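Visitor: Sequence and predicted structure, then a few things I'm wondering about:
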Amino acid sequence: MSADFEEGQFLGLPQAQGKPDVVVMPLAYELTTSYGTGAVDGPAACVEASGQVELFDATLGADLPDGRRFKTLPVWEGSASTLRGQLDEMVDHVQPFFDGSVFPLALGGEHGILPALVRAARRHPLVDGDLSRLTVVQLDAHADLRSELDGEVFSHACAASRSLDVGVGRLLQAGIRAYSLEESVRIDEDDRITTFFAKDTQHPHTGGAEWQRWLDTLAAIQGPVHLTLDIDGLDGALVPATGTPVPGGLSYWQAVETIETLFANPSATVISADVNEIFAQEGTPLTQFTAACLATKMLACHLLARREGRWIRREKTPSDEARSSFFSEAKGATFSARS
């Protein structure tokens, strides 16, 4: 551990002095988990585990932060008395970092954080209020395309569905292997959704060709992108401490290859990312350490894109927008299985 290691900061990197280039946002949000619980403690556990991640990244060819300024925010916890109120608070918390001048990385918390992050992304200059320009790339065991779960339309099981409903133009999914009939129908009928099922990409004989098709799809994206990585997208043996671990998932190196391919695409700009469903594993830090390694890989690839001129700072003057009330005002009838 270096002498300038700073506790409570991602990777132990000293707190940025002045305007940061990268902001890590731990979001302790867990209100709709449907199986295991503990995601509320995951972000802090991931930050702590990150202190043991090597700073050198071979793709970057340098130690992080590679001359850039990092800032880790205090762990956010909602105070509103309702789920929708907490989502609005989350938008208010993260939205300032979607002005195009910094790269925001969120650590969750349950996957229910995704619609709030997407809503905040409307402010980014490359999106400019029109979410149809945004592509969401999702690594996940679950499709998260339900219209509701247990009567809640903002359940973590509906995160991708709600993101499409607020206007996202395209959703690319990989690792999917647990989904309902309703979700299967939506995948087939909604032309904004492209899903690569784990049964195909992980097939022992033909999986290689399907996986290459996934990588080719990532390399062909154009425009702004948000990357969302639910760690249960990885095989359960790698991340046993997550809300709904599922066997038969992606390997660690497939997740890394996805990240590297996406950030290397010269026609796409990854404007933000999140790693979610992190739990504080007892006995071994394997789950939170794996999450920290993948979050670090995202940051390293972002730094390389900056260095090579594929990510440009785009300052946007802060607006006088009123406090968000989008989720508080949303009613269940607002959302359907197909928008």
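Guide: Great, that's in hand. Quick caveat: nothing in here was measured; it's all calculated off a predicted structure.
Visitor: Tell me the first helix or strand C-terminal of whichever helix or strand Trp214 is part of.
Guide: Taking DSSP states H and E as the criterion, Trp214 maps to helix 207-219. Beyond helix 207-219 on the C-terminal side, the first helix or strand identified by DSSP H and E is strand 223-230.
Visitor: what is the mean pLDDT for the helix or strand following that next one?
Guide: Helices and strands here follow DSSP H and E; after strand 223-230, the next one along the chain is helix 252-264. Here helix 252-264 scores 98 as its mean pLDDT.
Visitor: where do the strands sit along the protein?
Guide: For the chain, the strands defined by DSSP state E occupy 22-27, 56-57, 62-63, 70-72, 103-108, 135-139, 170-176, 193-197, 223-230, 268-276.
Visitor: Using JSON lines, please lay out the ones you listed together with distance to Gly42.
Guide: Placement of C-beta: from N, CA and C, glycine included. Output for these, formatted as JSON lines (distance: least, CB to CB, whole Å):
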{"stretch": "strand 22-27", "distance to Gly42": "9"}
{"stretch": "strand 56-57", "distance to Gly42": "23"}
{"stretch": "strand 62-63", "distance to Gly42": "26"}
{"stretch": "strand 70-72", "distance to Gly42": "15"}
{"stretch": "strand 103-108", "distance to Gly42": "7"}
{"stretch": "strand 135-139", "distance to Gly42": "16"}
{"stretch": "strand 170-176", "distance to Gly42": "19"}
{"stretch": "strand 193-197", "distance to Gly42": "26"}
{"stretch": "strand 223-230", "distance to Gly42": "12"}
{"stretch": "strand 268-276", "distance to Gly42": "8"}
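Visitor: quick one, which of those strands is packed in tightest?
Guide: Mean neighbour count, computed with mean count of other CB atoms under 10 Å, is highest for strand 103-108 among these, reaching a mean of 28.
Visitor: Could I have the CA atoms of that one written out in CSV?
Guide: Backbone C-alpha positions of strand 103-108 (Å, rounded to 0.1, in the frame of the first residue of the first chain) are rendered in CSV as follows:
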residue,chain,number,x,y,z
PHE,A,103,-17.0,10.3,-16.3
PRO,A,104,-19.5,9.0,-13.7
LEU,A,105,-19.3,5.4,-12.4
ALA,A,106,-22.0,4.3,-10.0
LEU,A,107,-21.6,1.4,-7.6
GLY,A,108,-24.9,-0.3,-6.5
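Visitor: what are the pairing partners of it, and which direction each?
Guide: Applying DSSP bridges to the sheet, strand 103-108 is found paired with strand 22-27 (parallel), strand 268-276 (parallel).
Visitor: Format these as a markdown table; extra columns: mean pLDDT and distance to Phe327.
Guide: A markdown table is the format used below for those (pLDDT from 0 to 100; distance: least, CB to CB, whole Å):
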| stretch | mean pLDDT | distance to Phe327 |
| --- | --- | --- |
| strand 22-27 | 97 | 14 |
| strand 268-276 | 97 | 17 |
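Visitor: Among the strands of the chain, which comes closest to Ser324?
Guide: With CB to CB as the measure, strand 22-27 is the member of the strands of the chain nearest Ser324 (15.0 Å).
Visitor: Perfect, I'm done here.
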